[in-house]
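Enquirer: Sequence and computational prediction follow.
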Amino acid sequence: MPSYQVLFSGSLECKHRWSNWSSLGTDHSFRRTVSEATASEMTDYYLDRPRRTTTQDQSGRQIAQFSFVLGLLWVIASIALAIAGRGQPADEQLAVTWFALGNHPQSSSPMLLQLLTYPFIHDLGIHLIFSVIGLRNLTQIGQLCTNLDGFIRLYVFGTVFGGLAFVRVAEITSLETPLIGATLALHTMIGAFAVFKPNMTVKLFFLFDVRLVWIAIGIGSIWILLLRGNAAFAAGQLTGLGTGVLYALVDRFLRGRFGQ
């Protein structure tokens, strides 16, 4: 028996082969499965949702679990260090002397350790809240763009390369203010996802629908303007953003070249 094909505006393709239909007889469970699958595909089309395979669903769950643990570690580490440093001068607190990134006079830890620890430390309040919200939103986007390994690579690359750029520019400008927080890694994710899904719309400030590529361009433009007044921080953020863009471009090239 021949197969049939249904196309919806070129964006959804559903194929079912009926070569074994005669051998199925009155198998109602098979008919129900086909019916449910078709209904699911129709729902995804009309709600403009991309179809996901079982592997993608599993990868999405892994990314969500990783992000949950990561965000939880941010909260625990930030609260613990805030409690440990209560009553001490700001520049003598453990978060600054051991875990923050930078060649400031109070630093007591090697640079390699700082690169591993600084993204876990956040100021309690708005800094921590917005970082967790940003991680949550980027997790939802990342589930459509990459797998767990790619998500972790973006986090690590942004943390390391953005951090190194911050340290280098801080040395040039004699900046003694240390760096804490995971915003460099989050910028890397924004840059990569803007390449993977440039036309995806997200709610900006929960109010405006804006394409992801314009959000990345806007963020980059803001940091370029801030280079003169806050060079080290701006350079770190821009490096994180650029690292994400470069990662996505290389990933696309490799997939197109080698089918990975």
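Expert: Looks like it arrived, so ask away. Numbers count the residues shown, from 1 in each chain.

Enquirer: can you pull the contacts of Phe157?
Expert: The contact partners of Phe157, taken as Cβ atoms under 8 Å, 6 or more residues apart in numbering, are 188, 243-244, 247. In short, each C-beta sits where N, CA and C put it, glycine included.

Enquirer: now the strands for the stretch 1-150 of the chain?
Expert: Secondary structure of the stretch 1-150 of the chain, counting by DSSP state E, counting those that start in this stretch: strands at 4-8, 12-16.

Enquirer: okay, now Leu113: neighbour count?
Expert: 13 (other Cβ atoms under 10 Å).

Enquirer: quick one: it from Trp223, how far?
Expert: Distance from Leu113 to Trp223, counting by Cβ to Cβ, to the nearest Å: 27 Å.

Enquirer: go on, Arg86?
Expert: From Arg86 to Trp223 the distance is 33 Å (Cβ to Cβ).

Enquirer: These two: which is more packed in?
Expert: Counted by other Cβ under 10 Å, Arg86 and Trp223 do not tie: Trp223 has more neighbours, with 20 against 8.

Enquirer: Return the set of buried residues in the helix or strand containing that one.
Expert: In the assignment (DSSP states H and E), Trp223 maps to helix 212-225. Buried residues in helix 212-225, counted by 16 or more other Cβ atoms under 10 Å: 212, 215-216, 219-220, 223.

Enquirer: Same question for stretch 141-151.
Expert: 141-148, 150-151.

Enquirer: still on that earlier bit, so which of the contacts of Phe157 would you say is closest to Leu70?
Expert: Minimum distance to Leu70 across these is 14.0 Å, recorded for Thr188 (Cβ to Cβ).
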